[in-house]
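Engineer: dropping a prediction and its sequence here:
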Amino acid sequence: MSDSPVAVEHHGPELRHHFATVEQQRDAASLGMWLFLGTEIMFFGGMFCAYLIYRLWYFNEFAAGSRSLDIRLGTINTIVLICSSLTVALGVRAAQMGKRKLLVILLVLTLIFGLAFLGIKGVEWYAKYKEHHIPGASFDASDLVRDYPQIHIDQSHEQIYFSLYFAMTGLHALHMIIGVGMFTYLLYHAAKGRYGPEYYTPVELGGLYWHFVDVVWIYLFPLLYLIDRKPLG
Amino acid sequence: MSEHVLSTKMYYGIWIALMVLTVVTASVAFIDLGPFNTVVALVIATCKALLVVLFFMHVKYASEKLTKLVIVASVFWLLILLLLSLADYGTRYARHG
């Protein structure tokens, strides 16, 4: 990479005048995205910290709450997100190589996976609503108290588990919704042929965001669904 | 950052590894390993996260060292938050039951 601030050679319209080379411009954009993701790590980190402290204090309630989640749907959703990460990674590659049609197909697939994830999440939340497991005035975890007589369950502590469950999966789903919006934008411009080997920064940054949201879920899945699934003694 | 174009074979390989690890972590959760259930779940999650970050997010091939510095610093700060909080709350008093 050249350190010279002055670029005299002729360049395409994709290179802004304050960058020396296309590569430098790409590095700067990607560094900016990573700084943003750094703030996102701290943003989610606060919730993970709250989760760890309460899990340490109220392990029984967290274990019972975790068992009440649908592990089948949780695993399917993890697989759906991993597939979407693959289509994103292949999409960035298609953009790098200037394969417009392939890029459009992969972006559509990503959107389908993203919406499928949100749909399945909605089904899970609706099940929790039916079970009165949403924290608030109508919260009722007496079914868990009945189902797990081996362990002592305090209902107000059980509410903390479900508060964190909804806050963390809700914040994650909000990121997914923003991601779906971003990818709809990318799809629109990809279809118009704006991205190619010379200029694919939006696809790459959108991809970084999508993968980051996937990584958050990679940790949420074991922490929320797999706390204590082993047979009770 | 990624003038490096990886082969599709590599992406499919990472994808298969991620799928296998997902199935493994979900299955292992039903086996009683005592306190090691949590350890195994977190180790597998970290392996999956590393695969995504290094290969799907191209960090392994990043030419810009600043990018790597930002990532390492972010994770380091996150660990300060989590470990020091746990060192505090985890040692205040023993709670049973």
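Structural biologist: Done, it's in. Because the structure is a prediction, the values reported are computed rather than measured.
Engineer: show me the helices in chain B, by range?
Structural biologist: B:8-28, B:36-51, B:65-89 (DSSP state H).
Engineer: and the helix or strand harbouring residue A:87, how far out from the chain's middle?
Structural biologist: According to DSSP states H and E, residue A:87 maps onto helix A:71-96. Distance of helix A:71-96 from its chain centroid, counting by CA atoms, centre = their mean, to the nearest Å, is 11 Å.
Engineer: try stretch B:75-87
Structural biologist: Per CA atoms, centre = their mean, the centroid offset for stretch B:75-87 relative to its chain is 15 Å.
Engineer: output that stretch as CSV - backbone C-alpha positions only.
Structural biologist: Below are the C-alpha coordinates for stretch B:75-87, written out as CSV (Å, rounded to 0.1, in the frame of the first residue of the first chain):
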residue,chain,number,x,y,z
VAL,B,75,-12.2,-8.8,22.7
PHE,B,76,-9.6,-7.9,25.4
TRP,B,77,-12.0,-5.2,26.7
LEU,B,78,-14.9,-7.6,26.6
LEU,B,79,-12.9,-10.0,28.7
ILE,B,80,-12.0,-7.3,31.2
LEU,B,81,-15.8,-6.6,31.6
LEU,B,82,-16.7,-10.3,32.0
LEU,B,83,-13.8,-11.7,34.0
LEU,B,84,-13.5,-8.8,36.5
SER,B,85,-17.3,-8.8,37.0
LEU,B,86,-17.2,-12.5,37.6
ALA,B,87,-14.2,-12.3,39.9
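Engineer: what about stretch A:135-148 and chain B, touching?
Structural biologist: No - for a cut-off given as CB under 8 Å from any CB of the partner chain, stretch A:135-148 has no contacts with chain B; the smallest distance is 13.4 Å. The C-beta positions use only the backbone N, C-alpha and C, and glycine is treated the same way.
Engineer: confidence score at the nearest residue to residue A:186 once chain neighbours are set aside?
Structural biologist: Nearest residue to residue A:186 in three dimensions, chain neighbours excluded: residue A:206, at 5.3 Å (CB to CB, 6 or more residues apart in numbering or on different chains). Looking at residue A:206, its pLDDT is 97.
Engineer: ok, back up a step: I'd like to know which elements the helix or strand just after the helix holding residue A:87 is packed against.
Structural biologist: Tracing the chain C-terminally past helix A:71-96 and defining elements by DSSP H and E, one meets helix A:100-130 next. Helices and strands touching helix A:100-130, by 3 or more CB pairs under 8 Å, 6 or more residues apart in numbering or on different chains; DSSP states H and E, are helix A:71-96, helix A:155-191.
Engineer: just want the angle from helix A:100-130 to helix A:155-191.
Structural biologist: Comparing the axes of helix A:100-130 and helix A:155-191 via axes from the mean of the first three to the mean of the last three CA atoms, to 10 degrees yields an angle of 160 degrees.
Engineer: list the buried ones in helix A:100-130?
Structural biologist: Of the residues in helix A:100-130, A:100, A:102-111, A:113-114, A:116-118, A:120-121, A:124-125, A:128 count as buried by neighbour count, 16 or more other CB atoms under 10 Å in any protein chain shown.
Engineer: after that helix comes which helix or strand?
Structural biologist: Per DSSP H and E, helix A:100-130 leads on to helix A:142-147 as the next helix or strand towards the C-terminus.
Engineer: contact partners of that following helix?
Structural biologist: A:64-65, A:68, A:131, A:153, A:155, A:158 (CB atoms under 8 Å, 6 or more residues apart in numbering or on different chains).
Engineer: quick one: average pLDDT of that helix?
Structural biologist: 93.
Engineer: buried stuff in it?
Structural biologist: So helix A:142-147, judged by 16+ other CB under 10 Å, has buried residues A:144-145.
Engineer: and stretch A:151-168, by the same measure?
Structural biologist: Neighbour-count burial for stretch A:151-168 [16+ other CB under 10 Å]: A:153, A:157-166, A:168.
Engineer: dump stretch A:63-82 to CSV, restricted to CA.
Structural biologist: The C-alpha trace of stretch A:63-82 is given here as CSV (Å, rounded to 0.1, in the frame of the first residue of the first chain):
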residue,chain,number,x,y,z
ALA,A,63,-31.6,-24.2,34.0
ALA,A,64,-35.3,-24.7,34.2
GLY,A,65,-36.0,-21.8,31.9
SER,A,66,-33.4,-23.1,29.4
ARG,A,67,-35.1,-26.5,29.4
SER,A,68,-38.4,-24.9,28.5
LEU,A,69,-37.0,-23.5,25.3
ASP,A,70,-37.5,-25.5,22.1
ILE,A,71,-34.0,-27.0,21.4
ARG,A,72,-35.2,-28.4,18.1
LEU,A,73,-36.1,-24.9,16.7
GLY,A,74,-33.0,-23.4,18.3
THR,A,75,-30.7,-25.8,16.5
ILE,A,76,-32.6,-25.4,13.2
ASN,A,77,-32.2,-21.6,13.6
THR,A,78,-28.5,-22.0,14.3
ILE,A,79,-28.2,-24.0,11.1
VAL,A,80,-30.3,-21.5,9.1
LEU,A,81,-27.9,-18.7,10.2
ILE,A,82,-24.8,-20.7,9.4
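Engineer: that concludes my questions; thank you for your assistance.
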